[in-house]
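1. Sequence and predicted model, in that order:
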4 protein chains.
Amino acid sequence: MVNQFIPVKDQTRRERRIERQRRSIMDAAADLFAQKGYRATTTRDIAEAVDIGESTLYGYFSSKKEVLVAILSQQAEMVDALLMHLVELEDFQSFVNLVDLLMEKILTRTVYNRVLIAEAWTDDEVLQSYVVARWHPVMQTLQNFITMKIAKSIFRPIEPDMGARMVVGSFIAAILPVLRGIEPAPSPEQRHHLAMMIVETISNGLNIKRG
Amino acid sequence: MVNQFIPVKDQTRRERRIERQRRSIMDAAADLFAQKGYRATTTRDIAEAVDIGESTLYGYFSSKKEVLVAILSQQAEMVDALLMHLVELEDFQSFVNLVDLLMEKILTRTVYNRVLIAEAWTDDEVLQSYVVARWHPVMQTLQNFITMKIAKSIFRPIEPDMGARMVVGSFIAAILPVLRGIEPAPSPEQRHHLAMMIVETISNGLNIKRG
Amino acid sequence: MVNQFIPVKDQTRRERRIERQRRSIMDAAADLFAQKGYRATTTRDIAEAVDIGESTLYGYFSSKKEVLVAILSQQAEMVDALLMHLVELEDFQSFVNLVDLLMEKILTRTVYNRVLIAEAWTDDEVLQSYVVARWHPVMQTLQNFITMKIAKSIFRPIEPDMGARMVVGSFIAAILPVLRGIEPAPSPEQRHHLAMMIVETISNGLNIKRG
Amino acid sequence: MVNQFIPVKDQTRRERRIERQRRSIMDAAADLFAQKGYRATTTRDIAEAVDIGESTLYGYFSSKKEVLVAILSQQAEMVDALLMHLVELEDFQSFVNLVDLLMEKILTRTVYNRVLIAEAWTDDEVLQSYVVARWHPVMQTLQNFITMKIAKSIFRPIEPDMGARMVVGSFIAAILPVLRGIEPAPSPEQRHHLAMMIVETISNGLNIKRG
DNA sequence: CATGAATGAGCGTTCATTCAT
DNA sequence: AATGAATGAACGCTCATTCAT
């Protein structure tokens, strides 16, 4: 009610500062959560990592749980934005591009996803809200693609969900060691190559000739 | 000093009783760890599940951490016993059998493996000792198989570790939802079918004709 | 399940020990609550007063609030036991006895009642459950007595609830300074004299002759 | 050093503004203290009730405690102003008027008195400074009145302090439920009637005839 | 003077572990 | 060997107060 003449610029500057602080807290927390797990990370740990007082945290998040939720939600938003543009897969090129894009999106925020997986592994609600719900449309798209290819007699009449799952499996096998931190993140070129390999191998198999 | 005249037979009976108790504690703990995670499970939870006093636990394990270690070690022993008999893969049939066997071994101890994965995801030492070290020979066997097939011109000249990883990926994709508890365990027949599908698809791909 | 042969005597001895400990915690807590108020008293304070570890408290009470509730409830039980025998007031003697008895019951656990009043003064639920609910039958009995006396033309036709309230007021005026600790507790003789004075004065007033 | 040329008029206007703000803070705080108690009321609660920043409070009061002290002191001043005019009681009419006046003064500042009682109940200094010290002259006046009446053989030779206490008790019984908020404030007419009743009943008692 | 942001001190509570029996 | 009781250390969180702007 007082100070109503503060210029708009300051308002947004303040907002930006708050947003920046929230971000730095989330980043530090994600790092710690990824290393030690959510439970094992104390609010004291997080505060020290950001170099602020423990109680200052509570000016930006109302609870430790909310920090986790913010981390998970932010990642979910990113995935949702991606899924928005998830078009029907047409040819192999678009298939490769989808795999490549997903890989990129997931690997650019490694720790966030590492936290997500850790929590989803023990928390049913997190699993449902942040993993299953998001993964479903991707699986659907893959299955539609395979069904279509079978209909056009390009693929053998395999169960579509089996095929989709194998694609996902290959994808996971490529990504998991990176998320876990025992393999370095691939360069964009390596990533693209990997995506092609996955699609190609699933399509053509390893045999030179059909048995 | 006292009880030195107790006959040997009683000693071993006592030992068996102790071993049985250790087992029941480990089973109950594994169940709880799998459900809520190691940190979130209290010693009181475990004691109640076994229906013993909380402090009685410490007669069998010197700390809560040691219960976890015992669980992981026991699982490791089982895997080691399996790896002992890991022979060179020769033909597709032996390949399918390996996949089937691994699946069976992992799925019969679902909760233990669920705990293992949860811990390995945040604890580097656990990851190294109980996962990487054990997984390595399996990967090696797979790569040898692929290398051999390529040498015999049965497989296309793909990177062997890439191929091995895709097999593992498909394997993981089949197994993870079961371990996590969102899919029921497959029957032995389903399991065998699954193993065949994985090997077959990796070998031949989905295409009817080579592009 | 083990140790089922422990003699019954030990069971009750243990129970008595637990009960004794609960009591000593309640007494110490009541003392502190009375002096500083419930909010201002910390669990640390209570533990120190009983000379036990702070966490030991939680073996006897599940929360700080429950200590308060136990204190209030215990007092309520005592009052309830008294109200059980609350018979119809017949003559002045029984009236005096009621006042005397109430006074005694309230003053024998001074601190408990001091806590009760303090809490009832700010907490509506406490007021309702522990004060209003208990006070109501007493007021009713008093009003019945007065109504009866009016019917028999012994009392002037005053509003009965007004008369009852004046008795209660005199009672309160006598008791409050003692509860608050600014006056010493009366001896049984003084107490009886006081009770008589209250009844007598209310009955006859201060005037020598009727105006 | 700066602003030394501001005209005196503005200074006093500023002072009035400050005083007004102090008042509104005290009013809001008294309300909250009365509802939840002093300890349970946070500075944030107060600030929000006045719709100012939490830290702004400290421009008007140097601590939360001082807000309470200001509230109590203000009430004390009001009582002192009243006690200034406390004349010797002569006849029943002046007695009734005193009771009526006291009632009115107390009930027009219900919340303030509720806070006063709550604090006096646990804080010895508050009790002494704000209750005992102020109540004493009232009691003295009552006792003098009774002593005088006894001397004139109008009252029976009762202990004067006993009689005074009974008047106070009746007064308290009438006022406490209103202060506590479980009874509505009486209208001026009801209040006057009440005052008369109290004096009358104490004087004449309930009996139609003397026993 | 007003305030958003920051914080030290401390709160009620939990829990892995120890100890006396 | 088994356990009920005890507890130090730590946790997530609150709040009166300070400070830079």
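-> Received it, and whenever you're ready, just let me know what you need.
2. how near is residue A:178 to DNA strand E?
-> 32 Å (C-beta to the nearest atom of the strand, to the nearest Å). Heads up, the C-betas are built off the backbone N, CA and C, glycines and all.
3. Same question for residue A:192.
-> 42 Å.
4. burial measure for that residue, as a count.
-> 17 (other C-beta atoms under 10 Å in any protein chain shown).
5. How about the contacts made by it?
-> A:96, A:100 (C-beta atoms under 8 Å, 6 or more residues apart in numbering or on different chains).
6. Mind pulling the model confidence for it?
-> Predicted confidence (pLDDT) at residue A:192: the value is 93.
7. The one 5 residues further on too?
-> The confidence metric pLDDT takes the value 86 at residue A:197.
8. for it, what are its contacts?
-> B:158, B:162.
9. From the chain's centroid, how far away is the strand or helix carrying it?
-> Per DSSP states H and E: residue A:197 is located in helix A:188-204. Helix A:188-204 has its average C-alpha position 19 Å from the chain's average C-alpha position, going by C-alpha atoms, centre = their mean, to the nearest Å.
10. Can you mark which positions in that helix are buried?
-> Neighbour-count burial for helix A:188-204 flags A:191-192, A:194-204 (criterion: 16 or more other C-beta atoms under 10 Å in any protein chain shown).
11. How about stretch A:133-143?
-> A:134, A:138-139, A:141-143.
12. longest helix anywhere in chain A?
-> Scanning chain A for the helix with the most residues, using DSSP state H, yields helix A:8-36.
13. can you count the residues close to residue A:120?
-> 19.
14. Distance check, it against chain B.
-> Using C-beta to the nearest C-beta, to the nearest Å, we find residue A:120 at a distance of 8 Å from chain B.
15. Excluding residues flanking it in the chain, which one is nearest that residue?
-> residue A:127 (4.2 Å; C-beta to C-beta, 6 or more residues apart in numbering or on different chains).
16. pretty sure residue A:74 is touching residue A:112, no?
-> Yes: the criterion here is C-beta atoms under 8 Å, and residue A:74 meets it with residue A:112 at 7.0 Å.
17. Between those two, which is the more surrounded one?
-> Neighbours were counted for residue A:74 and for residue A:112 using other C-beta under 10 Å; residue A:112 has more, 23 against 16.
18. who's in contact with the more buried one?
-> A:30, A:71-72, A:74-75.
19. looking at these, which has the most residues close by?
-> residue A:30 (27 neighbours).
20. Is it in contact with residue A:116, as I believe?
-> No: with contact defined as C-beta under 8 Å, residue A:30 does not count as touching residue A:116 (9.4 Å).
21. which residues do the two both contact?
-> Common contacts of residue A:30 and residue A:116 (C-beta under 8 Å, 6+ apart): residue A:71.
22. tally of neighbours for residue A:17?
-> Counted with other C-beta under 10 Å, residue A:17 comes out at 10.
23. how much space is there between residue A:203 and chain D?
-> In terms of C-beta to the nearest C-beta, residue A:203 sits 63 Å off from chain D.
24. what does the model give that residue for pLDDT?
-> For residue A:203, pLDDT reads 80.
25. shouldn't it be in contact with residue A:92?
-> Yes: Residue A:203 lies in contact with residue A:92 (C-beta under 8 Å); the separation is 7.1 Å.
26. Do you have the helices of chain A handy? List them.
-> So, for chain A - with DSSP H - the helices run A:8-36, A:43-50, A:57-60, A:64-84, A:92-107, A:110-122, A:124-126, A:133-151, A:160-180, A:188-204.
27. Go through those and name the closest to residue B:83.
-> Closest of the helices of chain A to residue B:83 is helix A:160-180, at 19.8 Å (criterion: C-beta to C-beta).
28. packing partners for that closest one?
-> helix A:92-107, helix A:110-122, helix A:133-151, helix A:188-204, helix B:160-180, helix B:188-204 (3 or more C-beta pairs under 8 Å, 6 or more residues apart in numbering or on different chains; DSSP states H and E).
29. Dump those to CSV, plus distance to residue A:159.
-> Shown next, in CSV, are the helices and strands packed on helix A:160-180 (distance: least, C-beta to C-beta, whole Å):
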stretch, distance to residue A:159
helix A:92-107, 18
helix A:110-122, 26
helix A:133-151, 9
helix A:188-204, 14
helix B:160-180, 12
helix B:188-204, 8
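30. for the buried residues of stretch A:133-143, which one is nearest residue C:64?
-> residue A:134 (43.5 Å).
31. Skipping adjacent residues, who's closest to residue A:82 in space?
-> Nearest to residue A:82 is residue A:105, by C-beta to C-beta, 6+ apart, at 5.5 Å.
32. contacting residues around that neighbour?
-> A:78-79, A:82.
33. just for chain A, where's the confidence low?
-> Scanning chain A for pLDDT under 70 picks out A:1-11, A:206-211.
34. Fine, thanks again, bye for now.
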